[in-house]
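In: Structure for the following, please:
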Amino acid sequence: MSEHLYPSFTLLLVDDELPWLRSLSMALEGPGGITNTRTCSDSRQVLPLLAGGGIGLVLLDLTMPHISGEELLGRIVEEYPDVAVIVLSGMNQVETAVNCMRHGAFDYLVKTMGEERIVDTVRRAIRMQELLRENRAMRNRFLSDTLEHAEAFAEIVTGSKAMRSIFQYIEAVARSSQPILITGESGVGKELVARAVHRLSRPDEPMVSVNVAGLDDSVFADTLFGHKKGAFTGADEPRSGMIERAGDGTLFLDEIGDLAPASQVKLLRLLQEEEFYPLGSDTPKQMRARIVVATHRNLAEKQAEGSFRKDLFYRLRAHHLHIPPLRERKEDLSLLLDHFLAEVSASLGRKKPAYPRELLTLLAAYDFPGNLRELKGMVHDAVSTHSGGTLSMESFLRAMGLSGDQAITRRQETAAENPFAACERLPTMTEALDLLVSEALRRASNNQTLAARMIGISQPAMSKRMRR
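Out: Take a look at the predicted model:
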């Protein structure tokens, strides 16, 4: 398993005292989980190292021989404005701190503050640098309208401009360490998007998926954190949790909107501290995995009503991907129909059937409340019952509730509105029928057979109506 460096850019630690450099490196790598560091004990080497590229943050000692920290700060801010600088000093001098901040330092820290304060400040600077880099990457991708790694999205069948914009956003944020929240209705393909994120960010590491819906708090904790032997009755052997199994890869938590309140507290603490305790253990373990979560729930509404923690909601939506429903990407219907026909036919050991032109018109007039999952189910049913020739539309019509008098009657009985209720003058029967036929023909792209099925009349009756 390859070692995953965090963050994606290098931190340069500059101090002429070698013991302090070693201590700082250990503090960042241990409790901080910050492994992408490089040390420099000679201030004359700082600018040449920055010229080599790849450095995003400098931790700079203030008092050094050869070139002072204050002089280096000015040079770095002027020559490398995309690099953040945290100044470290052995003395707590307010005037010096103010001058450093005024000249562009991200923060000024006193070495005696303690490791925890220093690590927290470094983490905050890393997050800021990641966001700045992501914003630049997004701007460049949107302006050039390019995808650098189109192969990562091969699993997602689409020609939609909206989906392409989402892919560009994913490419920009994939390397970030922050959580990604994926929202969208059931059946839109949120897990496919999560897998694309994983392929772009940590392809050589494992991706572990957990559906958290219905897990009570104790099961959730054991599933994620694992346990030691004897942690509870029945814990006869130690077991590693999903976080540990994900390692340096991706932990995908599906249906996060259904997470129990007590479990929300545990997840929030995990995201804040980036460490966890297996059940029965008092020794923390570092979380190295990237967290990706998904839900079909509206988390903004849930946190407003008090069933989802506000602080957790904002932690999770550091990067937010909303996948549009199929009814908003009808341009994908032809691609998806061909894809599902080929996939289902192969799984059933059959030849991919041809389909009538009217089928795409029928699908385009339908809202697909179940999205891609519903379309695939329709295709599976149609291919399963297909006996030869052109694919029949009957199973699609049945699934949509457009086939048979009983289905039509049931739909009419459950109609939520009366279209004539707001009319000052009721239309005559002839006028109402003309309007109904005209709308059906519009939705069916002037296909009389399909329009007749939509309004529950026969093809001869439609033809007769048209002649009149």
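In: so where's the chain uncertain?
Out: Scanning the chain for pLDDT under 70 picks out 1-3, 142-144, 403-424.
In: next one: phi and psi at the residue nearest the centre of it?
Out: The centroid of the chain falls nearest to residue 182 when counting by CA atoms, centre = their mean (3.7 Å). Note on residue 182: backbone dihedrals following degrees, to the nearest 10 are phi -110, psi 120.
In: pretty sure it is touching residue 194, no?
Out: Yes. Residue 182 lies in contact with residue 194 (CB atoms under 8 Å); the separation is 6.1 Å. Quick note: C-beta positions are derived from backbone N, CA and C, even for glycine.
In: Find residues that contact each of the two.
Out: Contact with both residue 182 and residue 194 is made by residues 292, 294, according to CB atoms under 8 Å, 6 or more residues apart in numbering.
In: would you list every one of the helices in the stretch 351-468 of the chain?
Out: For the stretch 351-468 of the chain, the helices defined by DSSP state H, counting those that start in this stretch cover 357-364, 371-384, 394-400, 405-413, 429-443, 448-455, 459-467.
In: Show me what the longest helix seen in the chain packs onto, helices and strands only.
Out: Counting by DSSP state H, the longest helix found in the chain is helix 115-144. Packing contacts for helix 115-144, counted by 3 or more CB pairs under 8 Å, 6 or more residues apart in numbering; DSSP states H and E, involve helix 18-29, strand 55-61, strand 84-89, strand 107-110, helix 161-173.
In: what's near enough to touch residue 46?
Out: 12, 14, 40, 58, 60, 67, 72, 76.
In: Residue 340 too?
Out: Residue 340 touches 375, 376, 379, 380, counting by CB under 8 Å, 6+ apart.
In: Format these as JSON lines; extra columns: distance to residue 54.
Out: Converted to JSON lines, the contacts of residue 340 look like this (distance: CB to CB, whole Å):
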{"residue": "375", "distance to residue 54": "45"}
{"residue": "376", "distance to residue 54": "44"}
{"residue": "379", "distance to residue 54": "48"}
{"residue": "380", "distance to residue 54": "50"}
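In: Just the buried ones out of the residues you listed, please.
Out: Burial by neighbour count, 16 or more other CB atoms under 10 Å: within those this picks out 375, 376, 379, 380.
In: how much space is there between the closest residue to residue 150 other than its chain neighbours and residue 203?
Out: Leaving aside its chain neighbours, residue 150 sits nearest to residue 167 (7.8 Å; criterion: CB to CB, 6 or more residues apart in numbering). Separation of residue 167 from residue 203 (CB to CB, to the nearest Å): 16 Å.
In: These two: who's more crowded?
Out: residue 167 (21 against 12; other CB atoms under 10 Å).
In: correct me, but the more buried one touches residue 153?
Out: Yes. Taking contacts as CB under 8 Å, residue 167 lies within contact range of residue 153: 5.2 Å.
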